[in-house]
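# Need the 3D shape of this:
(2 chains)
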Amino acid sequence: DSGVTQTPKHLITATGQRVTLRCSPRSGDLSVYWYQQSLDQGLQFLIHYYNGEERAKGNILERFSAQQFPDLHSELNLSSLELGDSALYFCASSVGLAGGMSSYNEQFFGPGTRLTVL
Amino acid sequence: TQLLEQSPQFLSIQEGENLTVYCNSSSVFSSLQWYRQEPGEGPVLLVTVVTGGEVKKLKRLTFQFGDARKDSSLHITAAQTGDTGLYLCVGNYNTDKLIFGTGTRLQVFP
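Numbering: from 1, shown residues only, chains lettered A, B, ... in the order given. Below is the predicted model:
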């Protein structure tokens, strides 16, 4: 158990709909990262938040957005869903930032949310 | 997103065989991590290497960081079916930037 929780575990919805995925980082971790993993693909970095602020964006579509709340949990919002959005969505947390004196940015991953768009 | 080049992409071997996975880049990293991901689960951190030339061992797994901190290798001795999974290397710069390897999918057959 990594200490990172994600809900829901599974989500099935229809095209055009909107969903929200939730992530609670490990206690004490300030950074949250979101990743998308399609079938048999590697991890695609979506976005990184640190202590409530967006730090970096990866291959995140405009239909997707995220935020990190004062209690450090994060939500990933996916809208106008398409069939191609079906994937595993992982969040990961780390203590701080890459290169920080107290952290090598070791990431701890949640169990993922499997999104199926029909 | 830039990628670290991992090789091989796929590896299918029998139990008891040895294997090495390589992670190469032209960039210098402040540190590098290796993760293993089993189907349907999140990646799990195996090791972090920081110093050029560093070697770390985790049971039958040996990790090495290149002297110039541009590359790394993972060697598995006497592979077991439980080693099956996707192996990812992730390089860290002295910034917020992480570079992900392309991944090596390992299948160990009994």
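# shouldn't B:Leu98 be in contact with B:Cys89?
No - the pair B:Leu98 / B:Cys89 is not scored as a contact, 10.8 Å apart, by Cβ atoms under 8 Å. No exception for glycine: its C-beta is placed from N, CA and C like everyone else's.
# neighbour-wise, which of those two wins?
The neighbour count for B:Leu98 versus B:Cys89, taken as other Cβ atoms under 10 Å in any protein chain shown, is higher for B:Cys89 (30 against 23).
# Against A:Tyr89, how distant is the more buried one?
From B:Cys89 over to A:Tyr89 the distance is 22 Å, taken as Cβ to Cβ, to the nearest Å.
# And for B:Phe10?
From B:Phe10 over to A:Tyr89 (counting by Cβ to Cβ), the distance is 24 Å.
# Of those two, give the one with the bigger neighbour count.
Legend: neighbour count by other Cβ under 10 Å for B:Phe10 and A:Tyr89, higher for A:Tyr89 (23 against 9).
# is the more buried one in a bridge, and if so with what?
Beta-bridge partners for A:Tyr89, by DSSP bridges, are A:Gln36, A:Thr113.
# again with A:Phe108
With DSSP bridges as the criterion, A:Phe108 is bridged to A:Ser93.
# pLDDT wise, what is it at?
In the prediction, the pLDDT value recorded for A:Phe108 is 92.
# do the same with B:Leu86
Here the pLDDT value assigned to B:Leu86 is 94.
# Same question for the one 10 residues further on.
Taken from the predicted model, the pLDDT recorded for B:Asp96 is 64.
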